[in-house]
Structures are given as structure tokens and as C-alpha cells.
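Colleague: for reference, the sequence and a predicted model appear below.
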Amino acid sequence: MRPATNESFTTMACASADDVAAAVGAARTAFDESGWATMRARDRKRIVANIATVIEANSDEIANLQTLDNGVPLGFSGIYQLSAQI
């Protein structure tokens, strides 16, 4: 819901306890089998830096969605909330 207008701007699925357990199990399997835990720190750093680059490249869209979600001014979403994530 957009706090300013009470209009719905998206939908989301509801998950059961079984859905959550399946997602957690899949995440654990993916983590255990990915090699992340044994990967060299510089390789993990490169991956995380790539994620930050993608976030920065999409910062305007992310800030707009953040504003729609919580109703704070766009400038606040773009400057303070998003930059804190990166």
C-alpha cells in the first residue's frame, strides 16, 4: 500500500510454514554446495562488489520503490536509505 494514498501498487504471495521450511532448506543446500564458505576472501569481495554495482545502477528505481513502500520523500530514499545499503 502507498501510505500517501492507501492504493495498492503490488501484490505478494503468502507462504505457509511448509513453504518457509522448503525455502530455508533450499537456501542451506545452495550455501553448503556453492563453495562460498571456502571461497577466498578476495573472490567473495569481487562478488559483493558486483552486487553493489548492480544496486547502484538501479538506485533510482530502488529509491522510487522505497518511497512507494514507506511514504518517505524520494530525496530521503535516494540519499539516505539506499546509500546506507551500499
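Modeller: Cool, got the structure.
Colleague: distance check, residue 15 against residue 9.
Modeller: Counting by CB to CB, to the nearest Å, the separation of residue 15 from residue 9 is 21 Å. For glycine as for every other residue, the C-beta is placed from the backbone atoms N, C-alpha and C.
Colleague: burial check on the nearest residue to residue 70 once chain neighbours are set aside, number of neighbours?
Modeller: Using CB to CB, 6 or more residues apart in numbering and skipping residues adjacent in sequence, the residue nearest residue 70 is residue 3, 6.7 Å away. By other CB atoms under 10 Å, 12 other residues sit near residue 3.
Colleague: can you list phi and psi of residue 3 for me?
Modeller: In terms of degrees, to the nearest 10, the main-chain angles of residue 3 are phi -60, psi -30.
Colleague: you'd agree it is up against residue 73?
Modeller: No. Residue 3 lies out of contact with residue 73 (CB atoms under 8 Å); the separation is 11.8 Å.
Colleague: check which helix or strand covers residue 26.
Modeller: Following DSSP states H and E, the helix or strand that holds residue 26 is helix 17-34.
Colleague: the closest residue to residue 73 other than its chain neighbours and residue 31, how far apart?
Modeller: The shortest distance from residue 73 to any non-neighbouring residue, by CB to CB, 6+ apart, is to residue 67 (7.1 Å). Separation of residue 67 from residue 31 (CB to CB): 33 Å.
Colleague: cool, residue 39 as well?
Modeller: Using CB to CB, one gets 11 Å for the distance from residue 39 to residue 31.
Colleague: residue 70 too?
Modeller: Applying CB to CB, one obtains 30 Å for the distance of residue 70 from residue 31.
Colleague: for the chain, what spans make up the helices?
Modeller: Defined through DSSP state H, the helices belonging to the chain, from first to last, are 17-34, 41-57, 59-70, 74-76, 82-85.
Colleague: cool, thanks, talk later.
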